[in-house]
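In: Structure for the following, please:
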Amino acid sequence: MLGGDFRQTLPVIPQGSRADTVLASISHSYLWNSCHKFSLKTNMRVNQDEKEFSEWLLKVGEGRLESGQAYEDDGYHDQFIDIDESLICWSFVDPLEGVVDAAYGPISSPMNSQTSYTDKAILTPRNETVNEINVYTISRTDGVSRDYFSSDSFELSDTTSDQNDTLYAVEYLNSLEFSGLPSNKLTLKVGAPVMLLRNINKKMGLCNGTRMILTHVGERVLKAEITTGSHIGKEVMIPRIVLLYDETKLPFTLRRRQFPIRLCYAMTINKSQGQSLKEVILYLPKPVFSHG
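Out: Residues are numbered from 1 along each chain as shown. Below is the predicted model of the structure:
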């Protein structure tokens, strides 16, 4: 059984063209003609009282929403849509400050309720914007921050050479950032919300995408309280683990030893699929529809 919604994010093909993306979608599989298709008509994610908003979402997803403005010579004129003004926050002197305040209000002190972080989130298209918001937000919260640096190395290089250590210096390895991989430098504080990036122990609720609140930041281990899923309220320990990343065109496999977490004051729109949120703040500094 296969499930999906063609109005949501299409497959992402690194360095791929529009044709590569279309060919990777499920409707171009050789099995597609043998499948029985069932359509789900009721929007379970949107309150049924919000019928007008639900219909507007369908129009956006199906490309039936006509723009009321003309955009000339911008290369995106057929991809813009008009957002209802009631959904837009205007006149920010500092966009980051405005977005964080709209989402969390004054965050200098830790939230009284842990659901304040887990019921809402800032969503944005790109990982670099997520990092920018997370760094800005944690710098505004009270408490002593602690920096954790990864131990990076490489293995399985395709080129056997005595110069490999020079070619792939530690500073270069530290600078590499990939989706699904923790950063070389993690700045953490007690009370900060984090998201797990790997399946560690499914029985204990430590799965990829699990959100937690840090309760202790130690020298070699972190302690956190799970705030989503079926293990809410359970306190768990998070160790450093070795993470391998070889899904690149680099001629080596990156080996990074780090805590498998990321701050999640903000997250990418892709990562938010599957999360249950009561309120979202969208921050769109760049066009959001990556496939038109």
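In: The residue nearest to Pro239 when sequence neighbours are not counted: what's it in contact with?
Out: Distances taken as C-beta to C-beta, 6 or more residues apart in numbering put Val221 closest to Pro239, at 5.4 Å, once the chain neighbours are dropped. From N, CA and C alone the C-beta is placed, and that goes for glycine too. Residues in contact with Val221 (C-beta atoms under 8 Å, 6 or more residues apart in numbering) are 237-240.
In: Report whether Ser116 is found in a helix, as I expect.
Out: Yes - per DSSP: H, G, I helix; E, B strand; the rest coil, Ser116 lies within a helix segment.
In: thinking again about what came up before, just the buried ones out of the contacts of Val221, please.
Out: Among those, the ones that count as buried by 16 or more other C-beta atoms under 10 Å are 238, 240.
In: For whichever helix in the chain runs longest, which residues meet the burial criterion?
Out: Counting by DSSP state H, the longest helix found in the chain is helix 127-140. Residues 127, 129-130, 132-134, 136-138 are the ones in helix 127-140 that count as buried (16+ other C-beta under 10 Å).
In: ok, back up a step: looking at the contacts of Val221, which are in strands?
Out: Using DSSP state E to define strands, the subset of the contacts of Val221 located there is 237-239.
In: In a markdown table: those, plus pLDDT and distance to Val190.
Out: Shown next, in a markdown table, are these (pLDDT from 0 to 100; distance: C-beta to C-beta, whole Å):
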| residue | pLDDT | distance to Val190 |
| --- | --- | --- |
| Met237 | 91 | 15 |
| Ile238 | 91 | 14 |
| Pro239 | 90 | 18 |
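In: in the stretch 151-292 of the chain, which ranges drop under the pLDDT threshold?
Out: For the stretch 151-292 of the chain, applying pLDDT under 70 flags the ranges 156-165, 248, 289-292.
In: which residues of it fall in helices?
Out: 164-167, 170-175, 269-272 (DSSP state H, counting those that start in this stretch).
In: out of those, nearest to Arg198?
Out: Across those, Arg198 has its closest neighbour in helix 269-272 (13.6 Å, C-beta to C-beta).
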